[in-house]
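> Just need the structure, nothing else, for what follows:
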Amino acid sequence: MKIPPWGMEKAMKKKFDVQGMTCSACSSSVEKNVTKLNGIKNVNVNLLTNSMMVDYDENKLNPNKIIAAVIDAGYNASTTDQLNIKDETKDELLEMKTRVLISFVFLIPLLYLAMGHMLNWPLPDYFNDERNIIGFAFTQFLLLLPIVIVNHKYFQVGFKTLWKRSPNMDSLVALGSTAALAYGIFAIYMISYGLGYNDMNIIHRYSMDLYFESAGTILTLITLGKYFETKAKNKTSDAIKKLIELKPKTALVKRDDQEIEIQIDQVMVNDIVIVKPGMTIPVDGIVIEGKTAVDESAITGESLPVTKAINDQVISATINKNGYILFRALKVGNDTTLAQIIRLVEEASTSKAPIARLADKIAGIFVPIVIGLSIVTMIVWTFIEPDLAFVLSMGISVLIISCPCALGLATPVAIMVGTGLAAKEGILIKSSEALEKAHAIDTIVLDKTGTITYGKPEVVDIITYDDYLKEEMIKLVAAVEKQSEHPLAEAIINQANTWKLVLPKVEQLEVIVGKGIKAFVDKKDVVVGNKTLFDDWHIELNDAKKDMDRLAKEGKTPLYCGVDNKLVGIIAIADKIKESSFQAISDLKKKHQVIMLTGDNQKTAQAIGDRLGFSKVIAEVLPDGKEKVIIELQNAGHIVAMVGDGINDAVALTRADVGIAIGAGSDIAIESADIILMKNDLNDVVNMIKISNETVKNIKQNLFWAFFYNLVGIPIAAGILYIPFDIKLSPMIAALAMSFSSVSVVTNALRLRFVKLKRKEENIL
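Alright, predicted model coming up:
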């Protein structure tokens, strides 16, 4: 490993699991504490996944220091191995379920005992005798203890964060339930005092206001809400889990002429990997022997199997359908396509959209304000209704109903579902900021070669004159072009191979630079080239004038073929437009300005632009010129998306507000982009924008409901309706309302999974 020079930063991005977070105030506190460290570049804490993505300078920091900062904030943390993630959500769900069951087992008899007198329920004679009133109160205390013990995390984390002046949801629950518990213990002492002095008023008053059932109900209902919340959250991370499950456990490799099965982690670069029919391709590589069809749907979303032969690339986690192949491993471990996809999806769900940062800032100051409101509520009611039990009830209700769980979940749960849905469709969104920005795009700039077109010249027209045979002309031209390095030569040779033509021997080959080729083939003088070459050789092109004009309008490149000083035909070559481009551009034009940006000549570009109906065509642009076009559009006030696939698009992709790379493009383009389309289908740009629109709309709905619950709930809990309507919100109802708000926000986000997206259109041409 090279040691970087002094002063040079060594960037590192690492994911951490964070334990103990329960609301957005928690994530905000962790983020704030870690950000203070010297060497931190960026920190994103995700409440939904209980994870943290940290960008830091490895020369100044290490994971242990980062974990220490999390612990100092009042939480625990550990590093995560991306491809060997333990299913912690299942463990968390089981733990929550156990806590809920134990809580209800003790809460039901506690409620029965506490409320039995008021509702005339039958109770054992022991509890009906006033002489046993201490036993009646102490039994409720004993029934509450297991609920408190099993839910000790609220107190452990809540008071720890309160002590560190970063109170969170647990602080509110801990304060509320502790106040109820403390009041109940105080009531037992007062009952004891009343018995000692035979003061029946004190005994009756405090035996009816023990508040042990309130403490138990608060803890149980909030835990029940967290259980449903965890269960719903479990569904949001399905995309990542399914991707991880795709990873095969073993690989069959050839070493020392022996077939051996090894663990996937033991596969090395340049290993020869054997894949039999039905097997999963374990790592990325290039085929060196055999031919097969591969199901790539899990990675690219492409439903049809893709043919793979020698020199074709194969992707990890795809399935070999019917052939036997050998391939050379090129990317293994965390470098495979599958590993990169998992990392991108995780980073997108862990990163924060600007709208989420706003929610975090609010949550950071929300809890201290709530504690202040609770204190003010109790002070005010002390003067209006000077009864300790009543005043305490009001203060506790304000604390409990204000828990900012819904606020903390509003954005990350929608981002997780949105990026998961996109990943399922073969659209990889690298950051939630890109996901949010995409909904505001008003201008889409498309590169031509490899994006709108296939990026591979093909023979699209063969025209012959005077009944000259097409096969004969292609045979002669292919024979000549086989000796050439011209970019269009491959298209003609491929056509000859498709027709299975046997090529004759070529003699006296002469390359005329910039014009074409002349040769002696099959006892014939053959000339292949452009119009200038034919003019030089005085070969008449009159017969071809109409065809020449038509081909020029269609943006096709003509190669003229002359035999024995006579024009026998034209071979038109073009980079074919992808079938999906027509429908995609038509859909994008409905709400966006769509521009084609290419280095091709103006005439060819305009012909393709006219066929596709572009708003504007900008041609003959060099790579640095592409960036200038993007800057000009941005300076004019447009929010620009750039879609491209090549190295020459990388700068423009980085400069655009949202850079979108075609998946089969260069690694540099993919690294530069914010979003990657694995299927190479422009319809996925339409889908991506729709996912962005729906996700942002969902986030706004979630934030509205999260704030609405608090704006309506806090005044009611504080007793605003008590004097005019005699309506009072008990701590038990407050706990139920708080839990419902969190579950409703998560459930609303899960609706994103059912967004209807555009499927691949067939036979559009």
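> all strands of the stretch 551-700 of the chain, in order?
In the stretch 551-700 of the chain, the strands defined using DSSP state E, counting those that start in this stretch lie at 557-563, 566-577, 593-597, 616-618, 640-644, 658-662, 675-677.
> helices and strands around the second one, which ones?
Read that as strand 566-577. The elements that strand 566-577 packs onto, with contact taken as 3 or more Cβ pairs under 8 Å, 6 or more residues apart in numbering; DSSP states H and E, are strand 453-464, helix 470-481, helix 489-498, helix 545-553, strand 557-563, helix 602-612. For the C-beta atoms, the positions are set from N, CA and C on the backbone; glycine is no exception.
> same question, the fourth one
Helices and strands in packing contact with strand 616-618 are listed as strand 593-597, helix 602-612; criterion 3+ Cβ pairs under 8 Å, 6+ apart.
> Counting neighbours, which bits of the longest one end up buried?
Judged by neighbour count (16 or more other Cβ atoms under 10 Å), helix 602-612 contains these buried residues: 604-609, 612.
> One more: stretch 317-331?
By neighbour count on 16+ other Cβ under 10 Å, the buried set for stretch 317-331 is 317-320, 323, 325-327, 329-331.
> same deal with stretch 46-56?
With burial defined by 16+ other Cβ under 10 Å, the residues of stretch 46-56 counted as buried are 46-54, 56.
> quick check, distance from it to the centre of its chain.
Between the centre of stretch 46-56 and the centre of its host chain there is 14 Å, according to Cα atoms, centre = their mean, to the nearest Å.
> now do the same end-to-end measure for that stretch.
Length of stretch 46-56, first residue to last, Cα to Cα, to the nearest Å: 17 Å.
> what mean pLDDT does it have?
For stretch 46-56, the mean pLDDT works out to 79.
> Which parts of the stretch 151-300 of the chain are strands?
All strands of the stretch 151-300 of the chain, identified by DSSP E, counting those that start in this stretch, fall at 250-255, 258-263, 272-275, 284-289, 292-295.
> partners of the host helix or strand of residue 517, with directions?
Under the criterion of DSSP states H and E, residue 517 resides in strand 516-521. Strand partners for strand 516-521, identified by DSSP bridges, are recorded as strand 506-512 (antiparallel), strand 524-529 (antiparallel).
> after the helix ranked longest in the chain comes which helix or strand?
For the chain, the helix reaching the highest residue count under DSSP state H is reported as helix 683-717. Toward the C-terminus, helix 683-717 is succeeded by helix 722-725 as the next helix or strand (DSSP H and E).
> which outside residues touch that following helix?
Contacts with helix 722-725, where a contact means Cβ atoms under 8 Å, 6 or more residues apart in numbering, come from 384, 728.
> Between helix 683-717 and the following helix or strand past it, find me the angle.
Elements were assigned by DSSP H and E; along the chain past helix 722-725, the next helix or strand is helix 731-750. Comparing the axes of helix 731-750 and helix 683-717 via axes from the mean of the first three to the mean of the last three Cα atoms, to 10 degrees yields an angle of 170 degrees.
> Check which helices and strands helix 731-750 is in contact with.
Under the contact definition 3+ Cβ pairs under 8 Å, 6+ apart, helix 731-750 sits against helix 212-236, helix 388-401, helix 405-424, helix 683-717.
> Contacts for the shortest one next, please.
Read that as helix 388-401. Outside of helix 388-401, the residues within contact range by Cβ under 8 Å, 6+ apart are 172-173, 175-176, 179-180, 183, 209, 211, 214, 218, 222, 370-371, 373-375, 377-378, 381-382, 385, 709-710, 713-714, 716-719, 728-731, 733-735, 737-738.
> quick one on the thing from earlier: relative to residue 676, which of the helices and strands packed on strand 566-577 is closest?
Shortest separation from residue 676 across those is recorded for strand 453-464, at 16.5 Å, computed as Cβ to Cβ.
> now that closest one: mean pLDDT?
On average, the pLDDT along strand 453-464 is 86.
> Show me how far it is from its chain's centre.
Distance of strand 453-464 from its chain centroid, counting by Cα atoms, centre = their mean, is 38 Å.
> Could you do stretch 63-77 as well?
26 Å.
> begin at 825 from here
I'll keep to 825 as the first residue from here, and by that count the last item is stretch 887-901.
> Tell me the buried residues in it?
Residues of stretch 887-901 classed as buried: 887, 890-891, 893-894, 897-899, 901 (neighbour count, 16+ other Cβ under 10 Å).
> and if you look at stretch 1345-1360?
1345, 1350-1353, 1357-1358.
> Identify all contacting residues around it.
By Cβ under 8 Å, 6+ apart, the surrounding residues in contact with stretch 1345-1360 are 1300-1301, 1303-1305, 1328-1331, 1336, 1338-1344, 1361, 1363, 1365, 1372, 1382-1389, 1391.
> Domain map for this protein?
Split into domains by automatic domain parsing, the chain comes to 835-904, 908-1060, 1072-1160, 1176-1249+1513-1589, 1250-1276+1402-1512, 1279-1401.
> any idea which of these scores lowest on pLDDT?
domain 1176-1249+1513-1589 (a mean of 77).
> mind checking how far that one is from the chain centre?
Computed by Cα atoms, centre = their mean, the chain-centroid distance of domain 1176-1249+1513-1589 equals 23 Å.
> Where does residue 1582 sit: helix, strand or coil?
Counting by DSSP: H, G, I helix; E, B strand; the rest coil, the backbone at residue 1582 sits in coil.
> My guess is it contacts residue 1509. True?
No. Counting by Cβ atoms under 8 Å, residue 1582 stays clear of residue 1509, with 10.0 Å between them.
> Please look at residue 1565 and residue 1530 and confirm they touch.
Yes. Using Cβ under 8 Å, residue 1565 and residue 1530 qualify as a contacting pair, with a distance of 6.8 Å.
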